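Colleague: take a look and give me a structure for this.
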Amino acid sequence: MPVVKGSFVKWSLCVLDEHLGLLDFGGGGRYARGLRFFAGLVGKSNECGSRMGQSPEYKAVDLFCGAGGLSLGLHWAGWKVEIAVEQDSAASTTYRHNFPGTMFLEKDVRDVCFSDYKGIDLVAGGPPCQPFSVAGEQLAENDPRDMVPAFVRVVREIRPKSFLMENVPGLLTAKHKTYTSSVVRMFRSLDYEVRVCVFDAADYGVPQHRERVFFLGLRHDMEVPFLLPEPEYGKGKAHPHVTVREALYGTPADTPNTAKVTYCKNPVLRPSPWAGMLVNGGGRPIHLDEPCQTIPATAGGNRTHIVDEKGVLREYHRYLMEGGQPRVGEVEGVRRLTARESARIQSFPDTFRFLGAKSSIYRQIGNAVPPLLAKAVGLALKRSLLRVSQPPTLFTKSKAA
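Modeller: Residues are numbered from 1 along each chain as shown. The predicted model follows:
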């Protein structure tokens, strides 16, 4: 079962939104690209449907929808999300606020029967990743939070033209090879052609390195080409990666993150100042001129990544590498990302509102599928269904998985 690596998204710069923020990372034309990029996200909602020409409306269901990152990206790709399901109350409040036109079910997916929901073209969703995350115990099918079987069951009941299931790359480790193979067999037994792909969100224009695995399926009787997205951002591509500095320029003012940044008693050194462990907690200093590290769902406290505009920690790393002794106390001149900055790094527009307690908002942001990542995959699936031929440099047919 080969794994396809790659990603694609094409974004167009729109007229700058008049809503500018208070944070300034240097200004100038160099950062206008980031401003236009995120201002352009607001305009994509109205233009996505017309991009596909006079195409029929395709309908989707979003399972385990969380705050709505996947739904937003699918909307930008021209899908109509008819039904969304989520049982977390805080995420449900956020979703309802941002998608008032979607039928929303605040329930456990396992308690919902979808046999009566016909005419759905796509079943999408990201089952909880904890059973497969390298940060957890990786119990897979032995973890009560494993909702992959529930996703397969919904596909069986609805029989959509296509499906999209997102999760963490840990699902593809050797430890879970048998489980992953069984999932592919289940989808194939339902008469779907299946692809297993790994995409890095940064290759789609998201200012964040965030690898995720996607199980993509097309029903065999559709007899359409399986079009997969390819990278358009990064070295040697049409566009350079979007950097954190570009992404955060002009971010609206937000409640500061008050979690202190303190020196680690026993620092773990790596060649890069943005790796290892120089401070306490799981947060790492961010390289402002590169895409960010993955935004975790556990952010909000000392696991929140660190903005170091003055290079304090970079200089401290050099000092330690040259034999200096570890320092103690609070690190002056640095701070942690705000929730709105984290949302931008996930590619949410500033108009997308997150509701709930601060810890819940950080969790909702960290758990979300970056909307631009969802958009790219959603466009590829829709073009497959439309039988639209694309230039070989953008889309390629894949061999059978």
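
Colleague: OK, contacts around the nearest residue to residue 261 once chain neighbours are set aside?
Modeller: Once flanking residues are discounted, residue 261 sits nearest to residue 331: 4.4 Å by CB to CB, 6 or more residues apart in numbering. For the C-beta atoms, the positions are set from N, CA and C on the backbone; glycine is no exception. For residue 331, the contact set (CB atoms under 8 Å, 6 or more residues apart in numbering) comprises 261, 262, 263, 279, 312, 313, 316.

Colleague: the bottom helix or strand of this protein by mean pLDDT?
Modeller: In the chain, no helix or strand scores lower on mean pLDDT, DSSP states H and E than strand 395-397, which sits at a mean of 33.

Colleague: okay, now the domains of this structure?
Modeller: Domain assignment for the chain by automatic domain parsing gives 3-243+353-397, 256-337.

Colleague: spit out the contact partners of residue 341.
Modeller: Counting by CB under 8 Å, 6+ apart, residue 341 has contacts 23, 248, 251, 254, 307.

Colleague: do you know how far residue 259 is from residue 307?
Modeller: With distances taken as CB to CB, to the nearest Å, residue 259 is found 12 Å from residue 307.

Colleague: which two among the contacts of residue 341 are spaced furthest apart?
Modeller: Pairwise distances across the contacts of residue 341 (CB to CB) peak at 12.4 Å, for the pair 254 and 307.

Colleague: who's more crowded, these two?
Modeller: Set residue 254 next to residue 307 and count neighbours by other CB atoms under 10 Å: residue 307 wins out with 21 against 17.

Colleague: what about that one, distance to residue 99?
Modeller: From residue 307 to residue 99 the distance is 31 Å (CB to CB).

Colleague: please apply the same query to residue 349.
Modeller: Where residue 99 is concerned, residue 349 sits at a distance of 14 Å (CB to CB).

Colleague: overlap of the contact sets of residue 259 and residue 307?
Modeller: With CB under 8 Å, 6+ apart as the test, residue 259 and residue 307 both reach residue 336.

Colleague: gap between the helix or strand harbouring residue 377 and the chain center?
Modeller: Using DSSP states H and E, residue 377 sits within helix 371-386. Here the centre of helix 371-386 is set off from its chain's centre by 14 Å, with CA atoms, centre = their mean, to the nearest Å.

Colleague: which helices and strands does that helix pack with?
Modeller: helix 32-51, helix 69-76, strand 122-125, strand 162-167, strand 192-200, strand 211-219, strand 227-229 (3 or more CB pairs under 8 Å, 6 or more residues apart in numbering; DSSP states H and E).
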